[in-house]
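**Q** 3D, please:
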Amino acid sequence: MTTLRETWIVFHRAMRLSLRNPMWSILMLSQPLMYLFLFGPLLKPITAQISQGATTNAYQVFIPGLIVQLGMFGAMFVGFGLIAEYRAGVIEADRVTPASRIALMAGRVLRDVVVLVVQSILLLLAAIPLGLRAPWSGVLLSLVIVALLGATFASLSYSVALITKSEDALAPLLNGIAMPLLLLSGILLPMQIGPEWLQRLSDISPLKHVVNGVRSLFRGDISSSSSLWGLFWVVLLTVVGLAVGARTFRKESA
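**A** Reported below is the predicted structural model:
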């Protein structure tokens, strides 16, 4: 109970800071919205081809990729805020408190997850007038996946930030990881329409299976192998991410 209370205190402080300066959250939402309005309409004539006949609704193919992208990129760069806190002496002040090191991480991660879920809901609402149709059960499960994905990347981002303690080191590292993940995950277009060698190469990316799983959920195929495989991978990634994050916070805040 003490850890939960401390987590809530850290979450409350972090959320208050985000609400005071919401520009970062707005900027992170603006990119998916631009993809939605400027790229999404281009998919309508080729929806049957890129979905291999699974659906005729372009946004059932496109929106799942966008919310996964939001969950990934929206959390991947939160480490920059931690570096700023480190330089301001906030992390040093945390170290001298009796607060649980896990709570120090969990409160910040919980803030990031809440922000991502709200952003995802706004993105889904913006897509409805454009023609998005999906079962509520699939949408709710997809939001759970986004939350878990956000927790994974936020934890890893905080870990790397605590280790590097430098924006100059963190920025190229994250960009070097983000670009291959984006290109091999099938976020914008399903990898099934690509050449055989590209499909085999993309199989090494867990995010490809997550994106395929969310697309299945948006079609209502909750019990399909794609959905279950995507859920398996996102749970596994979350366990690994949180474990790495907790270990790093204990070590660096000792």
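**Q** where's residue 25 relative to residue 248, distance?
**A** Between residue 25 and residue 248 the distance is 25 Å, computed by C-beta to C-beta, to the nearest Å. All C-beta spots, glycine's among them, are computed from the backbone N, C-alpha and C.
**Q** Point out where the stretch 151-254 of the chain drops to low pLDDT.
**A** 252-254 (pLDDT under 70).
**Q** Could I get the full set of strands for it?
**A** For the stretch 151-254 of the chain, applying DSSP state E, counting those that start in this stretch gives no strands.
**Q** Regarding the residue most central in space within the chain, which helix or strand does it belong to?
**A** For the chain, the residue whose C-alpha lies nearest the mean C-alpha position (C-alpha atoms, centre = their mean) is residue 71; its distance is 1.8 Å. Using DSSP states H and E, residue 71 falls within helix 58-76.
**Q** Now do the phi/psi pair for the residue at the greatest distance from the centre of the chain.
**A** Relative to the average C-alpha location in the chain, and by C-alpha atoms, centre = their mean, no residue lies farther out than residue 96, which sits at 31.5 Å. With angles defined as degrees, to the nearest 10, residue 96 sits at phi -90, psi 0.
**Q** ok, the residue nearest to residue 240 when sequence neighbours are not counted - how many residues close by?
**A** Setting aside the residues directly before and after it, residue 240 is nearest to residue 152 in space (C-beta to C-beta, 6 or more residues apart in numbering), at 7.4 Å. Here the number of neighbours of residue 152 (other C-beta atoms under 10 Å) works out to 27.
**Q** Tell me how far residue 152 lies from residue 250.
**A** From residue 152 across to residue 250, the span is 18 Å (C-beta to C-beta).
**Q** Also residue 71?
**A** Distance, residue 71 to residue 250, using C-beta to C-beta: 26 Å.
**Q** Same question for residue 235.
**A** 23 Å.
**Q** which SS state does residue 133 fall under?
**A** Secondary structure for residue 133, judged by DSSP: H, G, I helix; E, B strand; the rest coil, is coil.
**Q** mind checking how far it is from residue 124?
**A** Using C-beta to C-beta, we find residue 133 at a distance of 11 Å from residue 124.
**Q** before we move on, what about residue 181?
**A** Taking C-beta to C-beta as the criterion, residue 181 is separated from residue 124 by 22 Å.
**Q** same check, this time on residue 156
**A** 26 Å.
**Q** what's the answer for residue 76, then?
**A** Note on residue 76: its distance to residue 124, by C-beta to C-beta, is 21 Å.
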